[in-house]
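[1] With the input below, show me the fold.
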Amino acid sequence: MDYIHQTIDSDSLLGIFNVPASLRNTKVEVLVFPAGGNAIPQSSGNSAFGCLKKYADPAKIAGEKGAWERSVIEKYAKN
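    Numbers count the residues shown, from 1 in each chain. Just a heads-up that it's a prediction; the model follows:
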């Protein structure tokens, strides 16, 4: 899919778009994609939640409970 990505001065868009006052006199990023049903890539519907599950070690999961607390005690117990 071809597209255009360019950073330009927002004042050059005033005749083309209704540029909000907060964006005037600044540099803006412009992305141009072809119109159509497949112009923007669709996500697979998967979330990041659980994406590393295949690397989990079930034997270590029980030891994770309280790991942060133990680490803090170990680090600052000498103070």
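[2] For Ala62, report the pLDDT, please.
    Per-residue pLDDT puts Ala62 at 85.
[3] Name the helix or strand for it, please.
    helix 58-64 (DSSP states H and E).
[4] and that helix, what does it pack onto?
    Other helices and strands packing on helix 58-64, by 3 or more C-beta pairs under 8 Å, 6 or more residues apart in numbering; DSSP states H and E, are absent; none qualifies. Where you see a C-beta, it was placed from the backbone N, CA and C, and this is true even at glycine.
[5] So for it, what gets flagged as buried?
    Using 16 or more other C-beta atoms under 10 Å as the test for burial, helix 58-64 gives no buried residues.
[6] C-terminal to it, what's the next element?
    Next element after helix 58-64 (DSSP H and E): helix 67-76.
[7] Run the chain-centre distance for that next one.
    31 Å (C-alpha atoms, centre = their mean, to the nearest Å).
[8] Could you do stretch 16-30 as well?
    That offset, for stretch 16-30, works out to 23 Å (C-alpha atoms, centre = their mean).
[9] Identify all contacting residues around it.
    4-11, 13-14 (C-beta atoms under 8 Å, 6 or more residues apart in numbering).
[10] so His5 touches Leu31, yeah?
    Yes: judged on C-beta atoms under 8 Å, His5 makes contact with Leu31 at a distance of 5.5 Å.
[11] Grab the two from the contacts of stretch 16-30 that are most spread out in space.
    Longest distance between any two of the contacts of stretch 16-30 is 20.6 Å, between His5 and Leu14; criterion C-beta to C-beta.
[12] Need the buried ones from the contacts of stretch 16-30 selected in ChimeraX.
    Typed into ChimeraX, the line below selects the buried ones among the contacts of stretch 16-30, using 16+ other C-beta under 10 Å:
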select :10
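[13] In strands, which of the contacts of stretch 16-30 appear?
    Mapping the contacts of stretch 16-30 onto strands (DSSP state E) picks out 4-9.
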